[in-house]
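Undergrad: Make a model of this:
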Amino acid sequence: MAEAPRTTIDQAEVDHFSRIAAEWWNPQGKFRPLHKFNPARLSYIKEKVCEAFDRDPKGAQPFKGIRFLDIGCGGGLLCEPMARLGAEVVGADASTTNIEVAKIHATQSGLNIDYRATTAEDLAKAGEKFDVVLNMEVVEHVSDVDLFMSESARMVKPQGLMFVATLNRTLKCWGLAIIGAEYILRWLPKGTHDYNKFLTPEEITEKLNGAGLTVIDKLGITYNPFKDSWNRSKDMDVNYMLLARRLK
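TA: As a prediction, this is how the structure comes out:
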């Protein structure tokens, strides 16, 4: 019997996010934490992309002519601001429901975004290439991390960037991101995260290096309960971001 092809799809994860897809654009709904999280990650992406491609961050559309992939885009919370900054955006997600929600919202917002219900491996197989790949809060939800990271990295053009945001596998993260966020504060539906699927910065770095990318920056994102906001930090124990570049 032929061996089944490798896949990055964890069907249980896809089903989970499909069930709550209607909540994507409700800032007070099940994705409220992502809406709160967005300003911190958006400012970082804008700063680093403008640095890498020598763009004026104060310009009206500094990303014009830059091709982005948001892999695991969900309802499009990152795709839309990238498009507003002038980027050519492909938003990909394994959930057809998520993609339909994203398409409807983009149309309502008057934005032209290329949304596709597909996977990283299928995009890479088709020969797609991008200046910037946004790999944000996805790696902890896939079935085959090595395949997902290698195929995502394969789509980064020479001198292109990949942003990776995920959760660290620490006891602090387990206490705050799962027990705190899902069971006590109920910021997220129970079962959103599986601690055993969390990866350390060192593990992500190793996978990026193996795929030909070099980590050029890293930071933590921490929550300030007094200001109800997320901010950049040196503390990478819970939420963290890595920025990698294909130097050749």
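
Undergrad: Contact partners for the spatially most central residue of the chain?
TA: The residue lying closest to the centre of the chain (Cα atoms, centre = their mean) is residue 136, at 1.5 Å. Applying Cβ atoms under 8 Å, 6 or more residues apart in numbering to residue 136 gives the contacts 41, 70, 72, 78, 163, 164, 165. Placement of C-beta: from N, CA and C, glycine included.

Undergrad: what comes into contact with the helix or strand of the chain with the lowest mean pLDDT?
TA: In the chain, the helix or strand scored least confidently by mean pLDDT, DSSP states H and E is helix 11-19, which has a mean of 75. Under the criterion Cβ under 8 Å, 6+ apart, residues 74, 94, 95, 96, 97, 98, 141, 142, 143, 189, 191, 192 lie in contact with helix 11-19.

Undergrad: same thing but at 6 Å, please
TA: 94, 95, 97, 141 (Cβ atoms under 6 Å, 6 or more residues apart in numbering).

Undergrad: now stretch 67-79
TA: 24, 34, 82, 87-93, 98, 101-102, 113, 120, 130-135, 138, 152.

Undergrad: Straight-line length of it, end to end?
TA: With Cα to Cα, to the nearest Å as the measure, the ends of stretch 67-79 fall 11 Å from one another.

Undergrad: mean confidence score for that stretch?
TA: For stretch 67-79, mean pLDDT is 96.

Undergrad: pLDDT weak spots in the chain?
TA: Counting by pLDDT under 70, the chain shows low-confidence ranges at 1-4, 14, 21, 179-189, 191.

Undergrad: Mind jotting down where the strands sit in the chain?
TA: 67-71, 88-93, 114-117, 130-136, 156-167, 214-224, 229-233, 239-245 (DSSP state E).

Undergrad: Strand partners (parallel or antiparallel) of the fifth one?
TA: Spelled out, that is strand 156-167. Partner strands for strand 156-167, per DSSP bridges, with pairing direction: strand 130-136 (parallel), strand 239-245 (antiparallel).
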